[in-house]
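**Student:** Here is a sequence with its predicted model. Questions after.
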Amino acid sequence: MSRRIEHTPVEYLRVTDLHAFYGESHVLHGMDFVVNQGECVSLLGRNGAGRTTTMRAILGLTGRRSGSIMLDGKDVIRLPPHRIARLGVGYCPEERGIYSSLSCEENLLLLPKVASGGMSVEEIYAMFPNLKERRHSQGTRLSGGEQQMLAMARILRTGARLLLLDEISEGLAPVIVEKLGEIIRDLKAKGYTILLVEQNFRFAAPLADRMYVVEHGRVATEIERRDLPSKMGLLRDYLGV
Ligand SMILES: Nc1ncnc2c1ncn2[C@@H]1O[C@H](COP(=O)(O)OP(=O)(O)OP(=O)(O)O)[C@@H](O)[C@H]1O
Ligand SMILES: [Mg+2]
C-alpha cells in the first residue's frame, strides 16, 4: 500500500494588494496571489490584463507601486531591482532580449550571477542539447524556439530560484511548445518555483498547480488544478477562447 506524504506548502512569493503605475496610468489595481516553493503557478488573462506589469512590478521595474511583495519571507516592495534580483529572482521577458551580435554561448554567459548554486554551462547544455549544437551561432541565426530556450537557459545560470516566465510559448511551433513543457516539468522536479504568464492556457493548464485569471489589473478568479475540469466553462468565458 502506498501512502502519499503531504508536505506543508511553504510560501515563496505572496503578492498582496499590489498597485502599480506607469506615469499617471494606474495599471495594477490590487493584485493578490501566492506561489508556494516548488510550485508552478500561471497568470492567465486577455491582452492588456496586467500580467507583464505584475512581473515587472515584482522586480521593481514599473513606476510607483504599493502593497506588499513577500519574497521568501521578506517584503521587497521598497527594494531596488538589483537587490530584488539578488534574492534569486530570474526574469525571462516576453521580448526575450537575445543580443543578435553575440553568439548563443556569449548570450548564455551574459547575465551576472545573482545567487550561488546556479546551473553550470554543462548542466544547461544537458538540459538544452540544441543550444550546445548552436553555441557558436550568432543570436540572429537562432530560430524563435532556440532564442526562447536561450532566454530561459541563461537565467538558470544566474542562481535564480524563482523564475518569472512571460509568454514563453508565444508564436512557437507545437513541437517546440511541447519541448518547453518538458523543460518546465524538469525545472519543477529540480525544485524551481515558477510564475508562468501565458495567453495559451492549453500550454499552461497541465503545468500549473494553480491558475489565476487576471482582469483589469486584479485577480478575477483563482482555479486550483483539481478544480479545472469543473471550471473549464468559467475559464473559457474569462479568456474568451
Ligand atoms: N510602459 C507602459 N506605459 C504605459 N502603459 C503601459 C505600459 N506597459 C503596459 N501598459 C498598459 O498597462 C496595461 C497592462 O499591460 P500588460 O503589458 O501588463 O498586459 P498583459 O496582461 O501582459 O497583456 P499582453 O502581454 O497580452 O499585452 C495595458 O493597458 C497596457 O496598455
Ligand atoms: Mg504581457
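**Tutor:** Cool, the structure landed. If you're wondering where the values come from, they're calculated on a predicted model, not measured in any experiment. Ligands and ions are numbered 1, 2, ... in the order given.
**Student:** which residue ranges form the helices in this protein?
**Tutor:** 51-58, 81-85, 104-109, 121-127, 129-133, 144-157, 174-189, 201-204, 228-239 (DSSP state H).
**Student:** Could you look over the ones you listed and pick the most buried one?
**Tutor:** Ranked by mean neighbour count, those are led by helix 51-58 with a mean of 25 (mean count of other C-beta atoms under 10 Å). The C-beta positions use only the backbone N, C-alpha and C, and glycine is treated the same way.
**Student:** Enumerate the residues of this structure near ligand 1.
**Tutor:** 22, 25, 27, 45, 47-53 (C-beta under 6 Å from any ligand atom).
**Student:** Pull out the buried residues from these.
**Tutor:** For those, a burial check counting by 16 or more other C-beta atoms under 10 Å picks out 27, 45, 49-53.
**Student:** Farthest pair within these?
**Tutor:** Using C-beta to C-beta, the pair of these lying farthest apart is V27 and G45, separated by 12.6 Å.
**Student:** Name the residues contacting each of those two.
**Tutor:** Common neighbours of V27 and G45 (criterion: C-beta atoms under 8 Å, 6 or more residues apart in numbering): none identified.
**Student:** want to throw the helices of the chain into CSV with mean pLDDT?
**Tutor:** Listed next are those as CSV, based on pLDDT from 0 to 100:
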stretch, mean pLDDT
helix 51-58, 98
helix 81-85, 95
helix 104-109, 97
helix 121-127, 96
helix 129-133, 97
helix 144-157, 96
helix 174-189, 96
helix 201-204, 92
helix 228-239, 92
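**Student:** and V213, what are its bridge partners?
**Tutor:** L44, T221 (DSSP bridges).
**Student:** Return the residues in contact with the nearest residue to G171 once chain neighbours are set aside.
**Tutor:** Using C-beta to C-beta, 6 or more residues apart in numbering and skipping the chain neighbours, the partner closest in space to G171 is G144 (6.0 Å). Going by C-beta under 8 Å, 6+ apart, G144 touches 171-172, 176.
**Student:** TSV for the buried ones among the residues of the chain next to ligand 1, including distance to L108?
**Tutor:** Below are those laid out as TSV (distance: C-beta to C-beta, whole Å):
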residue	distance to L108
V27	32
G45	31
A49	32
G50	31
R51	26
T52	24
T53	28
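**Student:** and stretch 33-49, how far out from the chain's middle?
**Tutor:** Distance of stretch 33-49 from its chain centroid, counting by C-alpha atoms, centre = their mean, to the nearest Å, is 8 Å.
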